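Chemist: what's the 3D shape of this:
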Amino acid sequence: MARNKSKRFEKNAALISADARYSLEDAVKLIKQFTPPAFDPTVTLSFSLGIDPRKSEQMVRSSVSLPHGTGKNVRVLVFAQGEAAEAATAAGAEHVGMEDLIAKVLGGFVDFDVAIATPEAMTEVRKVARVLGPRGLMPNPKTGTVTDDVTKAIAEVKAGRVDFKVDKNSNVAAGVGKLSFDESALLENLTAFVDSVKKEKPSSLKGAYIRSITVSATMCPGVKLEEQVWINA
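Modeler: Purely as a prediction, here's the structure:
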């Protein structure tokens, strides 16, 4: 049985004009008027793409550095040994190791937000692909999470770099900040993410790339963006 929407949700939904589409600026102004739940909601930007994720040449996967961070404590796991492991620990990674961590992940441990690995670790790390892959946590050179410079990678993800990847339903989504952020910070983060996804348009794609974009906050209604936001994509 579907749950009835809360009075708070309905109050927020009433602020959205029926069938309206908003500019990024107006969408931010609108969600800032929402009455939030009893915590600071994450603001999420969601894309519906006109690609076929089953085709490798249409894979959309990259990362974006949000100018104002995500507002959350990013928990980092690093697969490394020796000096690289020591550097990862010094840089603030919450979990560092090799065989022990691989065994732990194979056992179901996924209590982290980003996984980083050194190139030499990847032969062993591939053993956990079936656990991390479906969750979008598998280290990948394209997103900078397979690297010899683990110190730099950890600093970037903790400062606000967000990895994104299209799912099986042709959607891309990521948290881009907190509702408590001021309007200018949210707008700059949203713009950075939109620009990053637009740049990943597959060269082989025929037809529309971006079909729709929605801005939402946790336990709040979504706000549809106007086509002008992505018209050149």
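Chemist: OK, contacts around the spatially most central residue of the chain?
Modeler: By C-alpha atoms, centre = their mean, the chain has its centre lying nearest to Ala174, at 3.0 Å. If a contact means C-beta atoms under 8 Å, 6 or more residues apart in numbering, then Ala174 has 44-45, 64, 162-164, 193 as its contacts. (Each C-beta comes from the backbone N, C-alpha and C, glycine too.)
Chemist: Give me the buried positions along stretch 164-176.
Modeler: Using 16 or more other C-beta atoms under 10 Å as the test for burial, stretch 164-176 gives 164-166, 170, 172-176.
Chemist: what's the span of that stretch, first residue to last?
Modeler: Terminal residues of stretch 164-176 lie 11 Å apart, using C-alpha to C-alpha, to the nearest Å.
Chemist: any idea which of the buried residues of stretch 164-176 is closest to Ser184?
Modeler: Lowest distance from Ser184 to the buried residues of stretch 164-176 (C-beta to C-beta) belongs to Val176, with 13.4 Å.
Chemist: In three-state terms, label that closest one for me.
Modeler: strand (DSSP: H, G, I helix; E, B strand; the rest coil).
Chemist: Could you do the one 10 residues further on as well?
Modeler: Following three-state DSSP, we place Leu186 in the helix state.
Chemist: And the pLDDT at it?
Modeler: On pLDDT, Leu186 comes in at 96.
Chemist: how many other residues sit next to it?
Modeler: 26 (other C-beta atoms under 10 Å).
Chemist: wait, what's in contact with the closest residue to Pro53 other than its chain neighbours?
Modeler: Leaving out its chain neighbours, the residue that sits closest to Pro53 by C-beta to C-beta, 6 or more residues apart in numbering is Val166, at 5.1 Å. Residues near Val166 by C-beta under 8 Å, 6+ apart: 49, 51, 53, 59-61, 172.
Chemist: Would you show me how to pick out the buried ones of those residues in ChimeraX?
Modeler: Burial among these is assessed by 16+ other C-beta under 10 Å; the matching ChimeraX selection reads:
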select :49,51,53,59,60,172
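Chemist: Would you reformat the contacts of Val166 as TSV and include secondary structure and distance to Glu183?
Modeler: Converted to TSV, those look like this (DSSP: H, G, I helix; E, B strand; the rest coil; distance: C-beta to C-beta, whole Å):
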residue	secondary structure	distance to Glu183
Leu49	strand	27
Ile51	coil	32
Pro53	coil	34
Met59	coil	34
Val60	coil	28
Arg61	strand	30
Val172	strand	24
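Chemist: Specify which member of the contacts of Val166 is nearest to Ala153.
Modeler: Looking across the contacts of Val166 and measuring by C-beta to C-beta, the closest to Ala153 is Arg61, at 16.4 Å.
Chemist: thought that closest one was touching Lys165?
Modeler: Yes - with contact defined as C-beta atoms under 8 Å, Arg61 reaches Lys165; the gap is 4.3 Å.
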